[in-house]
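Engineer: just need the structure, nothing else, for what follows:
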Amino acid sequence: MLLHYCSGKCKLPDAAAHIVTNLAGGNLWQFVFFVLRGVHEYLFISTYMINDSAVLHFTILENPVKNILLFAAILIIGLLLKHYGAVVISRQSFRFFRRFSKNKFSEVFVEQLSAPIERLLFLIIIYTSFSQLKFPESWELAHHNEYGARWAIRALFGVAWVIVLCQLLLRGTNFFTYVLQNREEAPVSVELSNFLKELIKVLLVVLFAFAALRFVFNINITALVASLGIGGLAIALAAQDTLANLIASFIIYIDKPFKANDLVDFEGITGRIEHVGFRTTRVRTLDRSLLTVPNKKLIDAALNNVTLSESRRIKFTIGLTYNTSASQLRKIADDIKQVIANHPKTNEEYFVRFSDFNSSSLDILVLYFVASNDYADMIEVKEEINYRIMDIVHKHEATFAFPSQSVYVESLPTKAD
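Structural biologist: Purely as a prediction, here's the structure:
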């Protein structure tokens, strides 16, 4: 009977050759199928061979040898194949999202979901393999509904299931956000998609936390929420600023005073928006430091979105010494006007006037606009015009003033005094 079974069912050489052929051809599904079938046939033959032998009567910790072998086979083979299985399941699952992603970003999908699927397969392998064993009765362990080792293992496994499923949905949320941001003719902005992603993640974490409390620890959620009435009021009072910043984030997404990569100026701080979150916004300043600003502060402050401006204003004062004549001042002001008017990156709006008699200088006010909102362009234009102003002042034999005082002495004491 055994020979008939082996000749009619196993065909081990042909099966092995077929496995190698399919593996070389890249057909991983058939490879897995033939491996599992071969393992099943091997276990069946081994069981058949030892069914009437004395080996079957041996037990280890009150578990038959057959169950221990099956436990080891499932655990080892499962651990060896879980990574490949996760990749295959991820690639096959992408078919359900091809229409949404317009048949793009398959590698991103596999990258995002293969890790949580692999963890999910690991839990299935652990559950299936350890289901072949049982705790020895001699240990006298408490029932799994009572506090003890069994309850702790069951609770730990349940929490692991909740965490893995939550991670799977969180990775799926990342993929959906990636597609929304990178798909042609994106239906939503980057800021709105990031906001929705963070909101969905918070809701998922809270939902799965309540699920763990309810289904793993059998806690009555309704009674728990009711018992937290006074405590919830205290938490709400302590979280006023957080709530205000959360509302401010909604206002930012709806009103859109700025978006990611915009250059903004507020309260003497100039920087580029990197990320708008639930509570804070990250701003990369011009000196490359990362500034974290509460959203409420950005809403309340007078904010200038430089990116939305068509030009950048430059305003400064030139101070000349008091021995500069009126004629020199007129010629210097006229030459500065010509430099600004002839520069290719300035617009037609400019202002150069002799403005003030300062305590130690004669001041010429210079104001013009650079026809670009880029900070680098503004600095470049300002530098070029500043050099030309220095040449103009020297050409007209004038001198730049600096803070000083002149002391006039009406008479000096004589030697007799």
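
Engineer: surely Val336 touches Val352?
Structural biologist: To be clear, residue 336 is Ile; Val isn't right here. Yes - if you go by C-beta atoms under 8 Å, Ile336 and Val352 touch, sitting 4.9 Å apart. Where you see a C-beta, it was placed from the backbone N, CA and C, and this is true even at glycine.

Engineer: now do the shared contacts for those two.
Structural biologist: Ile364, Val366 (C-beta atoms under 8 Å, 6 or more residues apart in numbering).

Engineer: how about the helix or strand containing Val352: buried residues?
Structural biologist: Assigned by DSSP states H and E, Val352 belongs to strand 346-357. For strand 346-357, a neighbour-count test (16 or more other C-beta atoms under 10 Å) marks Thr346, Tyr350, Val352, Phe354 as buried.

Engineer: of all those residues, which two lie farthest apart?
Structural biologist: Maximum pairwise distance among the buried residues of strand 346-357 (C-beta to C-beta): 20.6 Å, between Thr346 and Phe354.

Engineer: for the stretch 1-150 of the chain, just list every one of the helices.
Structural biologist: 2-5, 12-25, 28-50, 65-93, 98-101, 106-130, 149-182 (DSSP state H, counting those that start in this stretch).

Engineer: which other helices and strands contact the fourth one?
Structural biologist: Here helix 65-93 touches helix 28-50, helix 106-130, going by 3 or more C-beta pairs under 8 Å, 6 or more residues apart in numbering; DSSP states H and E.

Engineer: go on, the longest one?
Structural biologist: Applying 3+ C-beta pairs under 8 Å, 6+ apart, one finds that helix 149-182 makes contact with helix 98-101, helix 106-130, helix 190-211.

Engineer: what packs against the second one?
Structural biologist: Other helices and strands packing on helix 106-130, by 3+ C-beta pairs under 8 Å, 6+ apart, are helix 65-93, helix 149-182.

Engineer: can you list the domains in this structure?
Structural biologist: The chain breaks down into these domains under automatic domain parsing: 2-135+142-188, 240-307, 311-395.

Engineer: what's the closest of those to Val407?
Structural biologist: With C-beta to C-beta as the yardstick, what comes closest out of those is domain 311-395 (13.0 Å).

Engineer: flag the shaky bits of the stretch 101-250 of the chain, pLDDT-wise.
Structural biologist: 138-146, 148, 185-189, 225-239 (pLDDT under 70).

Engineer: where along the stretch 251-400 of the chain do the helices fall?
Structural biologist: 295-300, 326-342, 375-395.

Engineer: could you dump those helices into JSON lines with mean pLDDT and mean neighbour count added?
Structural biologist: What follows is the helices of the stretch 251-400 of the chain, written out as JSON lines (pLDDT from 0 to 100; neighbours: other C-beta atoms under 10 Å):
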{"stretch": "helix 295-300", "mean pLDDT": "88", "mean neighbour count": "19"}
{"stretch": "helix 326-342", "mean pLDDT": "94", "mean neighbour count": "15"}
{"stretch": "helix 375-395", "mean pLDDT": "93", "mean neighbour count": "15"}
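
Engineer: next, format those helices as JSON lines and append distance to Leu196.
Structural biologist: Listed next are these as JSON lines, based on distance: least, C-beta to C-beta, whole Å:
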{"stretch": "helix 295-300", "distance to Leu196": "16"}
{"stretch": "helix 326-342", "distance to Leu196": "47"}
{"stretch": "helix 375-395", "distance to Leu196": "31"}
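
Engineer: which among these is found nearest to Asp287?
Structural biologist: It's helix 375-395; of those, that one is closest to Asp287 (C-beta to C-beta) at 12.0 Å.

Engineer: which strands and helices sit next to that closest one?
Structural biologist: strand 312-320, helix 326-342, strand 362-370.

Engineer: any chance of CSV for these, columns distance to Ala73?
Structural biologist: Shown next, in CSV, are the helices and strands packed on helix 375-395 (distance: least, C-beta to C-beta, whole Å):
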stretch, distance to Ala73
strand 312-320, 72
helix 326-342, 84
strand 362-370, 74
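
Engineer: those: which one's closest to Phe400?
Structural biologist: Minimum separation from Phe400 across the helices and strands packed on helix 375-395 (C-beta to C-beta) falls at strand 312-320, 6.5 Å.

Engineer: buried sites along that closest one?
Structural biologist: Arg312, Ile314, Ile318, Gly319, Leu320.

Engineer: model confidence for the last one, exactly?
Structural biologist: Pointing back at Leu320 there. For Leu320, the model assigns a pLDDT of 94.

Engineer: which of the helices and strands packed on helix 149-182 sits most buried?
Structural biologist: Across the helices and strands packed on helix 149-182, the average number of neighbours (mean count of other C-beta atoms under 10 Å) peaks for helix 106-130, which reaches a mean of 18.

Engineer: quick check: bridge partners of Phe369?
Structural biologist: Under DSSP bridges, the beta-bridge partners of Phe369 are Arg313.

Engineer: er, Thr280 I mean
Structural biologist: Taking DSSP bridges as the rule, Thr280 bridges to Pro294.

Engineer: one more: the one 5 residues further on?
Structural biologist: Each beta-bridge partner of Thr285 is listed here: Gly271, as defined by DSSP bridges.

Engineer: span of stretch 394-411 from start to end?
Structural biologist: 36 Å (C-alpha to C-alpha, to the nearest Å).

Engineer: how far does it sit from the chain's center?
Structural biologist: Centroid separation for stretch 394-411 versus its chain: 59 Å, with C-alpha atoms, centre = their mean, to the nearest Å.

Engineer: tabulate the helices and strands packed on helix 149-182 (a markdown table), appending distance to Ala401.
Structural biologist: As requested, the helices and strands packed on helix 149-182 are exported to a markdown table (distance: least, C-beta to C-beta, whole Å):
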| stretch | distance to Ala401 |
| --- | --- |
| helix 98-101 | 66 |
| helix 106-130 | 63 |
| helix 190-211 | 49 |
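
Engineer: who wins for proximity to Ile332 among the ones you listed?
Structural biologist: helix 190-211 (48.2 Å).

Engineer: quick one: Asn358 and Gly319 touch, right?
Structural biologist: Yes - counting by C-beta under 8 Å, Asn358 does reach Gly319; the two are 6.3 Å apart.
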